[in-house]
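In: Give me a 3D structure for the following:
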Amino acid sequence: MTQAGANSNFDAQRMVEEIKAGDEKAPQVDVASDYELSKQFDVAAIDQTGEGEKAAEEVTSPNLDVDQLSKQSDIGHATEGFSDADPNSFLDMAREVNPQL
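Out: Numbers count the residues shown, from 1 in each chain. Okay, here's the model as predicted:
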């Protein structure tokens, strides 16, 4: 079984060796410039006009009536439980799930 990331470590080490040997040019990284460029992708074009909110509402709202669903909910109904804390009741229930018990 290979260790996760072993290939990326090998590739990184190989790149370092090639840079030291002069076979490969060292990459130039300008973090500030990259960050400024990334800001233009921060918000989708559709969300800059407000159309994104309308589109999301159109897609999700027609099929979901929360008020109707809450009326059909079982939250208000009591559930039947064990009237006593008899361990045999739980053992019987476990045997229904796994008859080998």
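
In: Go ahead and list the helix or strand containing Met93.
Out: Per DSSP states H and E, Met93 falls inside helix 87-97.

In: Buried residues, that helix. List them.
Out: Buried residues in helix 87-97, defined by neighbour count with 16 or more other C-beta atoms under 10 Å: none. For every residue, glycine as well, the C-beta is placed using N, CA and C.

In: now that helix: mean pLDDT?
Out: The average pLDDT for helix 87-97 rounds to 85.

In: and if you look at stretch 14-24?
Out: Mean predicted confidence for stretch 14-24 is 93.

In: need the helix or strand of this protein with the lowest average pLDDT.
Out: Counting by mean pLDDT, DSSP states H and E, the chain has its least confident helix or strand at helix 66-71, which shows a mean of 66.

In: how about Asp23, secondary structure?
Out: Here Asp23 is coil, with the state taken from DSSP: H, G, I helix; E, B strand; the rest coil.

In: State the distance from it to Val16.
Out: According to C-beta to C-beta, to the nearest Å, Asp23 and Val16 sit 11 Å apart.

In: Alpha carbons only: can I get the helix holding Met93 in CSV?
Out: Output of helix 87-97 as CSV, limited to C-alpha atoms (Å, rounded to 0.1, in the frame of the first residue of the first chain):
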residue,chain,number,x,y,z
PRO,A,87,-34.7,-5.7,29.9
ASN,A,88,-36.5,-8.7,28.4
SER,A,89,-38.6,-6.3,26.2
PHE,A,90,-35.4,-5.0,24.7
LEU,A,91,-34.0,-8.5,24.3
ASP,A,92,-37.1,-9.6,22.4
MET,A,93,-36.7,-6.6,20.1
ALA,A,94,-33.1,-7.4,19.5
ARG,A,95,-34.0,-11.0,18.7
GLU,A,96,-36.4,-9.7,16.0
VAL,A,97,-33.5,-8.0,14.4
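
In: And the next helix or strand past the helix or strand containing Glu36?
Out: Glu36 belongs to helix 31-38 when assigned by DSSP H and E. Downstream of helix 31-38, the first helix or strand assigned by DSSP H and E is helix 45-48.
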